[in-house]
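Asker: Next come a sequence and a model predicted from it.
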Amino acid sequence: MSEQEKLTQTNINWYPGHMAKAKRLMLEDMKIIDVVVELVDARIPFSSKNPDIDSIAGGKSRVILLNKADMADAAATTLWKEYYEKLGYTVAAINARSGSGLRAVTDAIQTACREKIERDRARGIQNRPLRAMIVGIPNVGKSTFINSFAGKAVAKTGNKPGVTKGKQWIRLNKSVELLDTPGILWPKIESQLVARRIAWIGSINDLILITTELAELLLVFIRDRYPGMLSGHYGIEESTEGCEHPGAELLSRVAVRRGCLRKGGELDLERAANIVTEEFRNVKIGQISLEVPGDIPDYLKK
Ligand code: G4P
């Protein structure tokens, strides 16, 4: 199947009702915030980002947080930071689970909003906190991020006159407040390539993708991008020269090393595939990024 082949409508537009509602809520919230803080998964900073947020965010200041940086390859994360900075975003790499990098977030928010701060100052408005909204596709760590921040926050501020009823703000410090409900985007799955990367990190259960095939492709990817990692972790030979199906061959080698056998001695490739997938997702194989800016085909960047 070619990379450019489009997925079926069902795969692209799941939960259309939820999405329409989420978009409506986000558009409403845009009226009361200054800056959109977009969380992406540092292992797939392109594939986990939905460009539709550009039209939803309008002209708001923008921050991108490369979350789960602890799971990603630091060199790739640096490339992504540079990539998004060139596009005009303020970017920080963070680990929302441990809270590392969270201080950089307030700095990023202030940097992204510096024009607004200047404008306010020129008009004599001082000390008005910047208001931020977190957005991102499911599973990128929005709730974890908000909880980490809320835990450290000085106070939760309640409803305020003039603010949409029911909105809660988490006051991070005297200059930044965070809306406590995140905006939920949906992955933009326009290609097999994006679908596969999202499936590898385990964000989509709705996509019917074959576990063994995904694991085979993942093994080939890791072997090619991170030479020595598979032999180090699984103790398998990485070269598949002369093999017609390198992925299947690598998966069989994992099955042999991990004793994945069915009754009768046949290799249990499903079990081996589950092991590979699970160990990748738990960062047991290593810190792996599934894409770098140079991997993204132009037809997806449009
Ligand atoms: P969401 O609101 O965007 O849908 O994501 P959520 O916060 O629920 O996070 C999804 C999963 O990602 C959670 O794991 C969470 O702990 C994990 N996570 C979030 N941020 C980070 C990070 O920076 N680093 C790492 N390593 N993990 C992160 P879970 O397995 O679903 O739950 P649990 O293990 O925390 O109980």
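Answerer: That came in fine, so what should we check first?
Asker: Could you use CA atoms for every contact and neighbour count after this?
Answerer: OK.
Asker: what about the strands in this structure?
Answerer: Here the chain has its strands, by DSSP state E, at 35-41, 61-67, 90-93, 130-136, 155-157, 169-173, 176-179, 183-184.
Asker: Lowest mean pLDDT across the ones you listed, which one is that?
Answerer: Ranked by mean pLDDT, those bottom out at strand 155-157, with a mean of 51.
Asker: how near is the residue nearest the centre of the chain to L25?
Answerer: Residue closest to the average C-alpha location in the chain (C-alpha atoms, centre = their mean): D41, at 2.0 Å. Distance, D41 to L25, using C-alpha to C-alpha, to the nearest Å: 23 Å.
Asker: Relative to the ligand, how far out is the residue nearest to P51 when sequence neighbours are not counted?
Answerer: Nearest non-adjacent residue to P51, counting by C-alpha to C-alpha, 6 or more residues apart in numbering: K188, 7.7 Å away. Between K188 and the ligand the computed distance is 15 Å (C-alpha to the nearest ligand atom, to the nearest Å).
Asker: Could you give the number of residues near V105?
Answerer: 19 (other C-alpha atoms under 10 Å).
Asker: could you list every residue that touches the nearest residue to I109 once chain neighbours are set aside?
Answerer: Leaving out its chain neighbours, the residue that sits closest to I109 by C-alpha to C-alpha, 6+ apart is V63, at 6.6 Å. Counting by C-alpha atoms under 8 Å, 6 or more residues apart in numbering, V63 makes contact with 35-38, 89-91, 108-109, 112.
Asker: Quickly list what V63 is bridged to.
Answerer: V37, T90 (DSSP bridges).
Asker: can you tell me how far it sits from the ligand?
Answerer: V63 sits 16 Å away from the ligand, taking C-alpha to the nearest ligand atom as the criterion.
Asker: Also Q126?
Answerer: 33 Å.
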